[in-house]
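Novice: Just need the structure, nothing else, for what follows:
(chains A and B)
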There are 2 protein chains.
Amino acid sequence: MPIKPLKATAMKKAPEDKRDVKLVLEEFGKGILKDIEKRDNPKFITSVRSRSNIKFDEKEGILHLGASKEERNFINTGQAKKFMQTVAIASKSHSFLKENLHTSIRGLFYQLKFSLGEDVDENLFNEQSESNPLIEDLEAALGVKREDLNLSADRKGFLAGNVRIMDKFGDEKLEIDASKQGRSGWAIPSDVDNDIEFVDIKAKYVIVVEKDAVWQRLNEDGFWRKENAILITPKGQASRGTRRLIRKLADNGLPVYVFNDGDAWGWYIYWTIKTGSMNLAYIGKEIATPEAKFLGVTMSDLEKYEFLKKMTMKATEVDLKRAQEMLSYPWIGKHKEWSEELKKVLKSKMKLEQDSLQGPRLTFIGDYIREKIKNKDWLP
Amino acid sequence: MPIKPLKATAMKKAPEDKRDVKLVLEEFGKGILKDIEKRDNPKFITSVRSRSNIKFDEKEGILHLGASKEERNFINTGQAKKFMQTVAIASKSHSFLKENLHTSIRGLFYQLKFSLGEDVDENLFNEQSESNPLIEDLEAALGVKREDLNLSADRKGFLAGNVRIMDKFGDEKLEIDASKQGRSGWAIPSDVDNDIEFVDIKAKYVIVVEKDAVWQRLNEDGFWRKENAILITPKGQASRGTRRLIRKLADNGLPVYVFNDGDAWGWYIYWTIKTGSMNLAYIGKEIATPEAKFLGVTMSDLEKYEFLKKMTMKATEVDLKRAQEMLSYPWIGKHKEWSEELKKVLKSKMKLEQDSLQGPRLTFIGDYIREKIKNKDWLP
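Specialist: This is a model prediction of the structure:
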């Protein structure tokens, strides 16, 4: 179902440091206390995160939340338990910030279970689940990210390149030189804002490759060194941390190129990096990189690289359905290049994987990326 | 179904360096050429990897393959295509070793597709699939690991601690100090044998924690520094590289403790580290650490830590079925401690997660591990 683009509303700016987040939480608590003192129904306001309130901002090129707000109330049979749990999360996060300690959603769940006993709904705190509705409620209500609340999200993704990063970790200040991490690379943390800083970025652009195996191939070839690029793999779908890191590198003026499979999953990973995703629309601007370009692989590559004709695979039902869906999203279908690409997939019922470029020789992948960038041969 | 323990057969020793592996591949090729010259049916011998030939070695405490061998033939309607593909893999691996380049199973698949066209069965080269039968055939036939053939397995897992590692990567020699990796830790590579060496191990023991979130918690607390331990997370089921690394640390005289969830998955991860797994029985000794101990969490913890009674979860059908199955494996059921633990689970129908130890305070996990080790309070 296509989402109509609407005028964006400004996002609340992320607080400058953790002291501010503690204050934000204290204000949140005071608001509820005031309600109680006035013998009002304790409440707070958060953004509606359902599909009806997810908008695409044409100018910024990102998915974000619209202006619709909703109230959460304590004296409400359907909301009382969730309200209590949300307030308890706010209180726990305040403690974590004071203690300067982090935990996961699962760790938070057990802290609440310890305090509140059976009154905690496990299903709302499942790390495997994409949505942790209460924490999202709080993030949207306070205008901060969960990482600012010392709640770690799942980390995933690796980086190598001429960039030095300061990791203020506990009492230590560790400088990580991402050009000296060997075959492993630097593992991208959950939170790349608080206590993490770029010391020096010598690299000229960012290349994101979907698969860790392809990242390792390019790392072995010294691709990032020869090109003076930052080589990132999200290892599949990009984590919050990796998306935020890509955004921050773009903020430092680096062009961002994405090199994925030419299939449903590869396209989805690209568009999530570029415009943000529906389920994280509430922090849209923070983790979207609309400047990103899609290098490939594409069906037009078949015309440029003869050998690829032997490398095609049958598109699955999922690939074809996704191609159809994407055509119907105005912010994708409006691009002539994407529209042509997706129509080629639908017509040929074929797809290509990024690994296939290793067919003639293992080192061909790097040549492909170089040539694509040189010729500005990308999709928007 | 219980597997009867049988006398172990010696594993062929892994070759000392890559030149040897190239020779092994050349001998493999010469054998087939000789058959052709003699106008015999080209063939090679590999180990039977089916369940009937998987044995538990009581003395060594590992799962391994028994003595049964089988022949692969070219002139055989059921085997001709697979035989050709296996020989092609051997030939490709030989090239990779000569070029000093690595690729994944998927990269290998496309190299074969490029050379052999449609004659490559994609399903045999699926990275998502646990079994890559042709490569396993070759590993078992040659007595080498796929990592020695320059084929990368999926990497997973992180390490922090007082240990320095030399990563001979391309033309560079990079020394990785695993005590200076900040919040990220050192990402454990696919291959921890070739071109990877311990320079110096100052740590006194190894602690493996199932979940990355718990690893991050302990890393933040500086647990490994205070304890002079090596802190590893396999991030769920341990990869080949992580299992091999744990084995190598044990070879260096370090005790290995494992701290997992007290459920089907946590037990399985532990036993895979300890005895190896059925599907990797063909390289059993290389990746099994029978010296490993299970610290918890256990049902007996409920008697020692009062607060944990509030932290239990309902065991799932999978947990209960697995507990029953494990009791029936002679190498597990024979341990009085495991038998008691599993019976407690079956009786109470409860389980415990490792994260639950954060209930009273985030830093309690470290205290728990310390106390368990101090009191030798573990399962074998």
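
Novice: Show the contacting residues for the nearest residue to residue A:24 once chain neighbours are set aside.
Specialist: Of all residues not flanking residue A:24 in the chain, residue A:142 sits nearest, at 5.2 Å (Cβ to Cβ, 6 or more residues apart in numbering or on different chains). Every residue, glycine included, has its C-beta placed from N, CA and C. Counting by Cβ atoms under 8 Å, 6 or more residues apart in numbering or on different chains, residue A:142 touches A:21, A:24-25, A:28.

Novice: so what secondary structure elements neighbour the helix or strand where residue A:266 lies?
Specialist: When elements are assigned from DSSP states H and E, residue A:266 belongs to helix A:264-275. Applying 3 or more Cβ pairs under 8 Å, 6 or more residues apart in numbering or on different chains; DSSP states H and E, we find helix A:264-275 packed against helix A:240-251, strand A:256-259, helix A:317-328.

Novice: can I assume residue A:207 sits in a strand?
Specialist: Yes. Using DSSP: H, G, I helix; E, B strand; the rest coil, the assignment for residue A:207 is a strand.

Novice: Settle this for me: it is touching residue A:260, isn't it.
Specialist: No. The pair residue A:207 / residue A:260 is not scored as a contact, 11.2 Å apart, by Cβ atoms under 8 Å.

Novice: Look at residue A:28 and say how many residues are nearby.
Specialist: Counted with other Cβ atoms under 10 Å in any protein chain shown, the neighbours of residue A:28 add up to 20.

Novice: That one: what's it in contact with?
Specialist: So residue A:28 contacts A:44, A:90, A:141-142 (Cβ under 8 Å, 6+ apart).

Novice: same thing but at 10 Å, please
Specialist: Residues near residue A:28 by Cβ atoms under 10 Å, 6 or more residues apart in numbering or on different chains: A:44, A:86-87, A:90-91, A:93-94, A:138, A:141-142.

Novice: thinking again about what came up before, wait, which of the helices and strands packed on helix A:264-275 is closest to residue B:75?
Specialist: Across the helices and strands packed on helix A:264-275, residue B:75 has its closest neighbour in helix A:317-328 (39.4 Å, Cβ to Cβ).

Novice: Tell me which other helices or strands that closest one touches.
Specialist: On a contact count with 3 or more Cβ pairs under 10 Å, 6 or more residues apart in numbering or on different chains; DSSP states H and E, helix A:317-328 meets helix A:264-275, helix A:330-333, helix A:336-348, strand A:350-351.

Novice: Same list (these) but as TSV, adding mean neighbour count, mean pLDDT and distance to residue B:327.
Specialist: Putting the helices and strands packed on helix A:317-328 into TSV (neighbours: other Cβ atoms under 10 Å in any protein chain shown; pLDDT from 0 to 100; distance: least, Cβ to Cβ, whole Å) gives the following:
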stretch	mean neighbour count	mean pLDDT	distance to residue B:327
helix A:264-275	22	97	41
helix A:330-333	18	93	54
helix A:336-348	16	97	52
strand A:350-351	20	96	47
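
Novice: Output those as CSV; include the columns distance to residue B:66.
Specialist: Formatted as CSV, the helices and strands packed on helix A:317-328 follow (distance: least, Cβ to Cβ, whole Å):
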stretch, distance to residue B:66
helix A:264-275, 41
helix A:330-333, 56
helix A:336-348, 49
strand A:350-351, 43
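
Novice: Quick one: closest of those to residue B:40.
Specialist: strand A:350-351 (42.1 Å).

Novice: right, and the helix or strand after the closest one?
Specialist: Immediately after strand A:350-351, counting by DSSP H and E, sits helix A:364-374.

Novice: That next one near chain B at all?
Specialist: Yes. Counting by Cβ under 10 Å from any Cβ of the partner chain, contacts between helix A:364-374 and chain B involve residue A:365.

Novice: centre of the chain versus that helix, how much separation?
Specialist: Chain-centre distance of helix A:364-374: 26 Å, with Cα atoms, centre = their mean, to the nearest Å.

Novice: what sits up against it?
Specialist: Under Cβ under 10 Å, 6+ apart, the answer for helix A:364-374 is A:205, A:207, A:209, A:214, A:217-218, A:221-224, A:226-227, A:229, A:231, A:255, A:257, A:259, A:293-298, A:301, A:304-305, A:307-308, A:354-358, A:361, A:377-378, B:103, B:107.

Novice: now those: which count as buried?
Specialist: Those of those that meet the buried threshold are A:205, A:207, A:209, A:214, A:217-218, A:221, A:223-224, A:227, A:229, A:231, A:257, A:259, A:293-298, A:301, A:305, A:308, A:354-358, A:378, B:103, B:107, by 16 or more other Cβ atoms under 10 Å in any protein chain shown.

Novice: Convert the C-alpha atoms of stretch A:245-262 to CSV, please.
Specialist: C-alpha atoms of stretch A:245-262 as CSV (Å, rounded to 0.1, in the frame of the first residue of the first chain):
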residue,chain,number,x,y,z
LEU,A,245,27.2,5.4,11.8
ILE,A,246,26.6,5.6,8.0
ARG,A,247,24.5,8.8,8.7
LYS,A,248,27.3,10.3,10.7
LEU,A,249,29.9,9.5,8.0
ALA,A,250,27.6,11.2,5.5
ASP,A,251,27.4,14.2,7.8
ASN,A,252,31.2,14.4,7.6
GLY,A,253,30.8,14.9,3.8
LEU,A,254,31.6,11.4,2.6
PRO,A,255,29.6,10.0,-0.3
VAL,A,256,27.9,6.7,0.5
TYR,A,257,27.6,3.8,-2.0
VAL,A,258,25.7,0.6,-1.3
PHE,A,259,26.6,-2.7,-3.1
ASN,A,260,24.0,-5.4,-2.5
ASP,A,261,22.3,-8.4,-4.0
GLY,A,262,19.9,-7.5,-6.8
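
Novice: before we move on, back to that, may I see the PyMOL selection of the buried members of the contacts of residue A:28?
Specialist: Selection of buried members from the contacts of residue A:28 for PyMOL, criterion 16+ other Cβ under 10 Å:
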select buried, chain A and resi 44+86+87+90+93+94+138+141+142
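
Novice: In a markdown table, list the contacts of residue A:28 along with pLDDT and secondary structure.
Specialist: Compiled in a markdown table, the contacts of residue A:28 are given as follows (pLDDT from 0 to 100; DSSP: H, G, I helix; E, B strand; the rest coil):
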| residue | pLDDT | secondary structure |
| --- | --- | --- |
| A:44 | 97 | strand |
| A:86 | 96 | helix |
| A:87 | 96 | helix |
| A:90 | 97 | helix |
| A:91 | 97 | helix |
| A:93 | 97 | helix |
| A:94 | 97 | helix |
| A:138 | 96 | helix |
| A:141 | 95 | helix |
| A:142 | 95 | helix |
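
Novice: closest to chain B among the contacts of residue A:28?
Specialist: residue A:93 (12.0 Å; Cβ to the nearest Cβ).

Novice: Out of the helices and strands packed on helix A:264-275, the one nearest residue B:244 is which?
Specialist: Nearest to residue B:244 among those is helix A:240-251 (27.3 Å), distances taken as Cβ to Cβ.

Novice: What is that closest one packed up against?
Specialist: Using 3+ Cβ pairs under 10 Å, 6+ apart, helix A:240-251 sits against strand A:158-161, strand A:196-201, strand A:205-209, strand A:229-233, strand A:256-259, helix A:264-275, helix A:284-287.

Novice: Name the residues of that helix that are buried.
Specialist: A:240-250.

Novice: re the thing from before, what do residue A:207 and residue A:260 both touch?
Specialist: The contact sets of residue A:207 and residue A:260 overlap at residue A:295 (Cβ under 10 Å, 6+ apart).

Novice: Leaving out chain neighbours, which residue sits closest to residue A:164?
Specialist: Distances taken as Cβ to Cβ, 6+ apart put residue A:199 closest to residue A:164, at 4.2 Å, once the chain neighbours are dropped.

Novice: What residues does the one you found make contact with?
Specialist: A:163-166, A:175-177.

Novice: now swap in residue A:318 and tell me
Specialist: Per Cβ under 10 Å, 6+ apart, neighbours of residue A:318: A:263-265.

Novice: Repeat that for residue A:289.
Specialist: Here residue A:289 is in contact with A:61-62, A:206, A:208, A:238, A:243-251, A:256, A:258, A:273-276 (Cβ under 10 Å, 6+ apart).

Novice: cutoff 7 Å now
Specialist: A:246-247, A:250, A:256, A:273-274 (Cβ atoms under 7 Å, 6 or more residues apart in numbering or on different chains).
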